[in-house]
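Starting from these lines, generate the structure:
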Amino acid sequence: MSLGGDAPMRVVIVTGTDTGVGKTVTTAALARIGLDRGLKVAVVKPAQTGVSAGEPTDVAVIEQLSGCRHLTELVRLSDALAPDSAARRAGIEIPRVTELATQSLSAAASCDLLLVEGSGGVAVRLDTAGGTLLDLADALAHEDATAEFVVVTRLALGTLNHTELTVTAIRTGGHPVTGLVVGAVPDPLGLAEQSNLSDLPRVTGLPVLGSLPEGVGHWQPARFRATCAQWFDSDWLVQP
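Here you go, the predicted structure:
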């Protein structure tokens with residue numbers, strides 16, 4: 001899908017092997033890197049759950065850390081559950097992922113880069129009709145906006161299984177996976193963490209695009225913005 005010129009808008013879906021693996025901080029880092037490379041960046045959170053009135057949402061955290069001002073949250077639910085579960089408890093019907101895809105592209109009109117942060121993993125239901133993040137990617141493709149996935153994972157025991165299952169699900173769904181990001185790297189690394197860091201590329205066939213030090217989501221924004229590009233091994237985000 002071409003927006004604002006001949007160059008197609010790049011769509012990157014940031015998903016994870018689980019909840020709490022560092023998707024939001026990763027999205028903030030990618031947004032900042034894109035901005036620093038002169039791109040017009042938009043961030044969309046299709047479904048936000050587990051946030052009560054007055055608590056910072058994921059898009060608020062991304063805005064604070066990255067300085068990106070083009071952010072959109074499509075659905076918000078207070079219960080800390082999967083979106084469809086939270087919606088059913090509240091008696092609310094979430095728009096189908098086809099509509100969420102349309103809204104995402106509309107929110108990113110004229111932008112060069114659209115970052116879509118998922119909720120939990122790729123099989124989490126984003127709407128009350130059973131649509132998942134993979135279905136959202138299908139819907140984007142139907143609108144000529146091919147999305148690539150970046151999988152955020154952790155280094156703890158179990159990550160090889162979780163990460164390989166996630167990557168397999170995305171590939172089986174017919175979508176490209178660009179690489180992995182380790183969302184929170186502890187210091188020092190234990191034996192399991194050291195082993196997993198080298199084994200993740202082997203079991204998935206994907207590069208580790210970046211590794212974020214543990215705790216950087218609590219850094220002051222100026223420090224975060226000045227440092228985040230150093231956590232990634234290449235300029236893949238701005239390469240055609």
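
Run through the residues that contact residue 90.
Each residue near residue 90 by CB atoms under 8 Å, 6 or more residues apart in numbering is listed here: 77-79. From N, CA and C alone the C-beta is placed, and that goes for glycine too.

Now the buried members of those residues.
Among those, those buried by neighbour count (16 or more other CB atoms under 10 Å) are 77, 79.

would you list the contacts of residue 90 in a markdown table and tack on secondary structure, distance to residue 36 and pLDDT?
Listed next are the contacts of residue 90 as a markdown table, based on DSSP: H, G, I helix; E, B strand; the rest coil; distance: CB to CB, whole Å; pLDDT from 0 to 100:
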| residue | secondary structure | distance to residue 36 | pLDDT |
| --- | --- | --- | --- |
| 77 | strand | 33 | 92 |
| 78 | coil | 35 | 91 |
| 79 | coil | 37 | 93 |
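
how about low-confidence regions in the chain?
Where the chain drops to pLDDT under 70, the residues are 1-7, 240.

try it again with 50
Low-confidence segments of the chain (pLDDT under 50): 1-5.

Would you state the strands of it in chain order?
Taking DSSP state E as the criterion, the chain carries its strands at 10-16, 41-45, 48-49, 71-73, 76-77, 113-117, 147-153, 177-185, 208-213.

Distance to residue 64 for those - can I get that in a markdown table?
Shown next, in a markdown table, are the strands of the chain (distance: least, CB to CB, whole Å):
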| stretch | distance to residue 64 |
| --- | --- |
| strand 10-16 | 17 |
| strand 41-45 | 12 |
| strand 48-49 | 15 |
| strand 71-73 | 11 |
| strand 76-77 | 18 |
| strand 113-117 | 15 |
| strand 147-153 | 19 |
| strand 177-185 | 18 |
| strand 208-213 | 16 |
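
The protein: helices as residue ranges?
Along the chain, the stretches classed as helices by DSSP state H are 23-36, 58-66, 83-90, 97-107, 133-142, 159-172, 191-204, 221-227.

The ones you listed: which one's closest to residue 47?
Smallest distance to residue 47 across these (CB to CB): 3.9 Å, for helix 83-90.

CA atoms only for that closest one - export them in CSV, please.
Taking C-alpha atoms only, helix 83-90 is exported to CSV below (Å, rounded to 0.1, in the frame of the first residue of the first chain):
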residue,chain,number,x,y,z
PRO,A,83,-9.0,-8.7,24.8
ASP,A,84,-11.9,-11.0,23.9
SER,A,85,-12.1,-12.3,27.5
ALA,A,86,-12.1,-8.8,28.9
ALA,A,87,-14.7,-7.7,26.3
ARG,A,88,-17.0,-10.6,27.2
ARG,A,89,-16.8,-9.8,30.9
ALA,A,90,-17.7,-6.2,30.1
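
If we go by neighbour counts, what in it is buried?
83-88.

Could you measure from the residue of the chain positioned farthest from its centre over to residue 239?
What lies farthest from the middle of the chain is residue 191; by CA atoms, centre = their mean that is 27.8 Å. Computed with CB to CB, to the nearest Å, the distance linking residue 191 and residue 239 is 35 Å.

before we move on, what about residue 155?
Using CB to CB, residue 155 is found at 26 Å from residue 239.

what about those two, which has more around it?
Using other CB atoms under 10 Å as the criterion, residue 155 and residue 239 rank with residue 155 on top: 21 against 7.
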